[in-house]
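Novice: here is my input; please provide its structure:
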Amino acid sequence: MGEERQRGRPRSAAMHQAILEAVRELLVRDGYARLSMEGVAARAGVGKPTLYRRWPSKGALVAETVRESFLSAAPGAGVVPLDTGDVEQDLRSWLRRQAVSAADPGNASLILALTAAAAENPHDAEDLYRRLTGPWCTPLVHRLRAGVDAGQLRPDADLEAVADALVGALLFQLLTGSASAAEQRAIGLLDALLTGLRSASKDTAAPKSGAPAGHGAPA
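Specialist: Model (predicted):
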């Protein structure tokens, strides 16, 4: 009996991926409005009850499909920022990698579908958004917190708000059809945020005692 369950797990995982792939293909081809649980079941070769056992609604199925697509869209890069000891450089590197994911043409259709799902079910909108952004925001907050612990960022900074802003900048560019500008805009936002995030010990550019920058006190 245990052997049967062991054989069943790979089959279940394969079926799960087949369903998500069917959703991706249908969303890219037809959009969210024409997507149906019946159509997904037929394309994936499963029964409709199988879908409802795993996902309570079309919106939940779309949310997981979009999330999985973004997690695999940047091969080898992943969603976890590097920790080289320089938080500013690590954040820039992370944003550039995620911009590659956001610039993927197929992702525009998926994000638009998720937006439509949230608009269709306002009660679930927050949950749908968190399902998508959670895999980005959680490790990003952890990296920011490490920057605080290292004395590179202010200890009173709202790290969750910073993560939301950076991820939101990427998604906004994709939603507005400006995915090619995602990296430039996100880096620009990061530079603005870093001005307020840097700890006082790192801010060496500010002039002291009212003296203009670049000028010493009179001899």
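
Novice: in which helix or strand would I find residue 111?
Specialist: Here residue 111, judged by DSSP states H and E, is contained in helix 105-120.

Novice: right, and the helix or strand after that helix?
Specialist: With DSSP H and E, the next secondary element past helix 105-120 is helix 125-149.

Novice: to the chain's geometric centre, what's the distance from that next one?
Specialist: 8 Å (CA atoms, centre = their mean, to the nearest Å).

Novice: related to what we said a few turns ago, packing partners of the helix holding residue 111?
Specialist: For helix 105-120, the elements it packs on are helix 2-30, helix 58-71, helix 125-149, helix 159-175, judged by 3 or more CB pairs under 8 Å, 6 or more residues apart in numbering; DSSP states H and E. Backbone N, C-alpha and C define where each C-beta goes, glycine included.

Novice: so for residue 90, which of those helices sits nearest?
Specialist: helix 125-149 (6.3 Å; CB to CB).

Novice: show me what the closest one is in contact with.
Specialist: Outside helix 125-149, the residues that touch it by CB atoms under 8 Å, 6 or more residues apart in numbering are 59-60, 63-64, 66-67, 70-71, 79-81, 83, 87, 90-91, 94, 98, 111, 114, 117-119, 121, 153-155, 157, 159-160, 162-164, 166-167, 171, 199.

Novice: ok, back up a step: what mean pLDDT does the helix holding residue 111 get?
Specialist: Helix 105-120 comes out with an average pLDDT of 76.

Novice: could you do stretch 145-158 as well?
Specialist: Across stretch 145-158, pLDDT averages out at 95.

Novice: quick one: buried residues of that stretch?
Specialist: Buried positions in stretch 145-158, judged by neighbour count with 16 or more other CB atoms under 10 Å: 146, 147, 148, 152, 153, 154, 157.

Novice: and those, which two are the farthest apart?
Specialist: Using CB to CB, the pair of the buried residues of stretch 145-158 lying farthest apart is 146 and 154, separated by 13.7 Å.

Novice: domain map for the protein?
Specialist: According to automatic domain parsing, the chain comprises the domains 2-54, 77-197.
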